[in-house]
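>>> have a look at this prediction, sequence included:
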Amino acid sequence: MEQQPQRAVDRRQTMILFKDVSKVYGNGVAAISNLSLRVYKDEFVFLMGASGAGKSTLIKLLMKEEDPTSGKISVNSRDLALIKRGSVQRYRRQIGVVFQDFRLLENKTVFGNVAFAMEIMGKSRREINEKVEAALSLMGLSKKADEYPRNLSGGEQQRVALARAIVNSPRILIADEPTGNLDPANAEQIMYLLELINSRGTTVIVATHAQNMARRMGRRILYLDHGVRDEEMSSGDADGKKRRTGASDQVNVSAAFNDFAEEAEDEEYGSLFTEDNAVNAEGGDSDE
Amino acid sequence: MNKLRAFFYIIKLSLENLLKNWHMLLASVFVLFTGMYIMGTLLLTSNSISSILSEQAEHPEVEVICRSELSDDDALSIYRVILSDERISRAHMNTKADNLEKIKETLKGYEDIFQYESEDSEFLYVSFDITLKNAASLEGFSNDMRRVSGVEEVQDNDSIYKYFRGISNVVRTGSIVALIVLGFLSVLLTVNTIRLTVVARKKELRIMRDLGASYAFMRGPFIAEGVTIGLLSAAISFFAVRGTYNYVAKVIERGDNVISTIIRLKPFSEYSHGLLWGFILAGLAIGLVASMFAIRKYINTERDDDK
């Protein structure tokens, strides 16, 4: 029983591959040394490690904000070293990202913040309205659409950031300390939503210090110490219910977020992940 | 279609930013306007002086005034001397009667002040309006005419033209210096103004970058802002220079001094097209260069900021 998830993962297509990757900054600091790791398509992975262990650098390398000093990184079978500077932004559209500090625009409403991700890509107003409403509904924020970020709780702000990250249907979602500023109940809500997003086919990578929470999730955990130091499969959630990886997984909805989870109707959520969107996310509609 | 939507979104965003940062917009426009206004004024001044000088160079004119005791018949001998000179292009004799008419015309409405009993009055004189073939012979011809018996005075305005030639050289040199200094200052100040907007929108830019907005899209609003500032300044400068030019032209036209008799400014319409396009191109160039420079520098250091 314990081996089933591992076998399922091994059969999947590789989404992210780091091969002997090192990153030394200009000041001589070696953030990552000979890191090799593989993340599969549709997988949900935790990145853990002490401050300075290389989590942020790994995310920057994935976002192609930085280039490795040596080694090879490929995403969805595409060598990042071969992406020209002019195409970097197009590549980034395949990746949704959320941060600990939410990074919302204070002068825009909740709807405006999420719509912004589509406006900058020149999407039509009709499409924007449709997708943003679906994303907000998924995040349980439909009633907050006209609110400004300053009027929202930390958990709600992070849900807005999540809605913005997924509204363009990314192939990968990176969450950098998404629960770092949240209380346990809100943190659990965010984790639930990340699992929900993952269950629909988006590869999710969560960098976190929250070891207990990660261990309860039943997902693969990569421990970073400039390179991968260790790897383990967490055992399951606090209720002892086993979670499995995979697009068809059922997610466990705890009572803490039942109130907003009801809003996450599958029909609306489905409109965010149509085949067309997947093609667009790959860069077929570049405005560059 | 996406590109068109993105274009309109960029325009909308830039207009929103300009309205939001209207005080910065005013500062930039004022700086650019000042530069363009000074440049435009200097250019028109230089052009007007050059135009007067070239006109003079083409048709140098001399007025020879005879002694009042010479009658019209007596002055004919001087006229013959003038006509026989190879340096002249044409000459016209003003008899005492002609000059009396001129005086009457000048004193229209005040004819009672002077009462001339006859055309032989000792106050009247015979004069000659002479146009020379070229300006180089102006000084020599004037000196020769002064030595002719019966000639009271020769007016060639050569000293005035020499004075204007000096001014023209100063203005021309000043224009070049102003072009360099004001151009540099305009770009520098516009760069700083746009950079303030860039810094104010740093968070927004970072989010745009993370979301995968194209570099063109990120730069677009700032370039549109720069271009708008440039074009707005060009329009204001054009109308300001036009107003100033027309005002000066009117003042000169109404004046009754020597300058008014030799300076006739061309109508502004002769300069308007060139000046307008010059301003538009300068505004576009300064706006583009300033915004590109401000953004390029910011984007180049942006990655370092994140480390």
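Received the coordinates, thanks.

>>> distance check, residue A:130 against chain B.
15 Å (CB to the nearest CB, to the nearest Å). Heads up, the C-betas are built off the backbone N, CA and C, glycines and all.

>>> and that residue, how close does it get to residue B:8?
Using CB to CB, to the nearest Å, residue A:130 is found at 20 Å from residue B:8.

>>> settle it for me: which of these two has more neighbours?
Between residue A:130 and residue B:8, counted using other CB atoms under 10 Å in any protein chain shown, residue A:130 has the larger neighbour count: 16 against 11.

>>> wasn't the more buried one part of a helix?
Yes. Counting by DSSP: H, G, I helix; E, B strand; the rest coil, residue A:130 is part of a helix.

>>> read off the pLDDT value for it.
pLDDT recorded at residue A:130 is 94.

>>> and for residue B:175?
Predicted confidence (pLDDT) for residue B:175: 78.

>>> spatially nearest residue to it (excluding sequence neighbours)?
Spatial nearest neighbour of residue B:175, excluding adjacent residues (CB to CB, 6 or more residues apart in numbering or on different chains): residue B:42 at 4.5 Å.

>>> OK, contacts around the one you found?
B:171, B:174-175, B:178 (CB atoms under 8 Å, 6 or more residues apart in numbering or on different chains).

>>> quick one, strands of the stretch 151-300 of chain B?
B:151-155 (DSSP state E, counting those that start in this stretch).

>>> residue B:41 contacts residue B:243, correct?
No. Contact criterion CB atoms under 8 Å: residue B:41 and residue B:243 do not qualify, at 11.0 Å.

>>> okay, those two: which has more neighbours?
Comparing residue B:41 with residue B:243 by other CB under 10 Å, the one with more neighbours is residue B:41, at 19 against 11.

>>> and the more buried one, that's in a helix?
Yes. Assessed by three-state DSSP, residue B:41 belongs to a helix.

>>> now, which of the contacts of residue B:42 lie within helices?
Here DSSP state H is the test, and the contacts of residue B:42 give B:171, B:174-175, B:178 as lying in helices.

>>> what strand or helix carries the residue nearest the centre of chain B?
Centroid check for chain B by CA atoms, centre = their mean gives residue B:44 as the closest residue, at 0.9 Å. Element membership of residue B:44 [criterion: DSSP states H and E] is helix B:22-58.

>>> got the buried residues for that helix?
Within helix B:22-58, the residues that count as buried by 16 or more other CB atoms under 10 Å in any protein chain shown are B:24-25, B:27-29, B:31-53, B:56.

>>> please, where are all the strands along chain A?
A:14-24, A:30-40, A:44-48, A:70-75, A:78-79, A:95-99, A:172-176, A:203-207, A:220-224, A:228-233 (DSSP state E).

>>> still on that earlier bit, wait, which of the ones in helices among the contacts of residue B:42 is closest to chain A?
Relative to chain A, the closest of the ones in helices among the contacts of residue B:42 is residue B:178; by CB to the nearest CB it sits at 39.6 Å.

>>> how close does that closest one get to residue B:168?
15 Å.

>>> now residue B:252
Look at residue B:252 and residue B:168: by CB to CB, they are 16 Å apart.

>>> these two: which is more packed in?
Ranked by neighbour count (other CB under 10 Å), residue B:252 and residue B:168 place residue B:168 first, with 19 against 15.

>>> ok, now which ones touch the more buried one?
Per CB under 8 Å, 6+ apart, neighbours of residue B:168: B:46, B:49-50, B:53.

>>> interface residues of chain A facing chain B?
For chain A, the contact set with chain B under CB under 8 Å from any CB of the partner chain comprises A:25, A:60, A:63, A:65-66, A:86, A:89-95, A:97, A:103, A:105, A:116-117, A:119-124, A:164, A:168, A:285-288.

>>> which among the residues you listed end up buried?
Using 16+ other CB under 10 Å, the buried ones in the residues of chain A next to chain B are A:60, A:63, A:65-66, A:89-95, A:97, A:103, A:105, A:116-117, A:119-123, A:164, A:168, A:285-288.

>>> so, low pLDDT: which residues of the chain?
You didn't say which chain, so I picked chain A. A:1-11, A:227-288 (pLDDT under 70).

>>> that's the wrong chain, I meant chain B
In chain B, residues with pLDDT under 70: B:1-2, B:56-58, B:110-121, B:157, B:159-160, B:255-263, B:297-307.

>>> any idea how it splits into domains?
B:2-56+B:165-301, B:61-155 (automatic domain parsing).

>>> how much space separates residue A:135 from residue B:174?
Taking CB to CB, one finds residue A:135 at 62 Å from residue B:174.

>>> residue B:286 too?
Taken as CB to CB, the span from residue B:286 to residue B:174 is 20 Å.

>>> who has more neighbours out of these two?
residue B:286 (27 against 15).

>>> the helices in the stretch 51-200 of chain B, which residues?
B:72-83, B:96-106, B:138-146, B:158-200 (DSSP state H, counting those that start in this stretch).

>>> cool, and the stretch 101-250 of chain A?
Ranges of helices in the stretch 101-250 of chain A, per DSSP H, counting those that start in this stretch, are A:110-119, A:125-138, A:154-166, A:184-199, A:211-216.

>>> dump these into JSON lines; add distance to residue B:69 as well.
JSON lines is the format used below for these (distance: least, CB to CB, whole Å):
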{"stretch": "helix A:110-119", "distance to residue B:69": "93"}
{"stretch": "helix A:125-138", "distance to residue B:69": "95"}
{"stretch": "helix A:154-166", "distance to residue B:69": "102"}
{"stretch": "helix A:184-199", "distance to residue B:69": "113"}
{"stretch": "helix A:211-216", "distance to residue B:69": "121"}
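
>>> looking at those, which one is packed in the most?
helix A:154-166 (a mean of 25; mean count of other CB atoms under 10 Å in any protein chain shown).

>>> counting by contacts, list what that one packs against.
For helix A:154-166, the elements it packs on are strand A:95-99, helix A:110-119, helix A:125-138, helix A:184-199, judged by 3 or more CB pairs under 8 Å, 6 or more residues apart in numbering or on different chains; DSSP states H and E.

>>> please redo it, this time with the cut-off set to 6 Å
strand A:95-99, helix A:110-119, helix A:184-199 (3 or more CB pairs under 6 Å, 6 or more residues apart in numbering or on different chains; DSSP states H and E).

>>> and the stretch 151-300 of chain B, which residues reach chain A?
By the rule CB under 6 Å from any CB of the partner chain, the part of the stretch 151-300 of chain B lying against chain A is B:204, B:207-208, B:210-214, B:217.

>>> picking up where we left off before, next, the angle from the helix holding residue B:44 to helix B:138-146.
Here the directions of helix B:22-58 and helix B:138-146 differ by 50 degrees (axes from the mean of the first three to the mean of the last three CA atoms, to 10 degrees).

>>> quick one: helix B:22-58 to chain centroid distance?
Offset of helix B:22-58 from its chain centre (CA atoms, centre = their mean, to the nearest Å): 6 Å.

>>> before we move on, what about stretch B:206-213?
On the basis of CA atoms, centre = their mean, stretch B:206-213 sits 48 Å off its chain's mean C-alpha point.

>>> quick one: contacts of that stretch?
The contact list for stretch B:206-213, computed with CB atoms under 6 Å, 6 or more residues apart in numbering or on different chains, reads A:89, A:92-93, A:97, A:103, A:117, A:120, B:218.

>>> dump the contacts of residue B:168 into JSON lines; add distance to residue B:271 as well.
Output for these, formatted as JSON lines (distance: CB to CB, whole Å):
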{"residue": "B:46", "distance to residue B:271": "11"}
{"residue": "B:49", "distance to residue B:271": "13"}
{"residue": "B:50", "distance to residue B:271": "12"}
{"residue": "B:53", "distance to residue B:271": "17"}
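
>>> closest one of these to chain A?
Among these, residue B:46 lies closest to chain A (CB to the nearest CB), at 45.4 Å.

>>> still on that earlier bit, redo the contacts of residue B:168 as CSV? Include distance to chain A.
Shown next, in CSV, are those (distance: CB to the nearest CB, whole Å):
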residue, distance to chain A
B:46, 45
B:49, 51
B:50, 49
B:53, 54
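
>>> with that, I have no additional questions.
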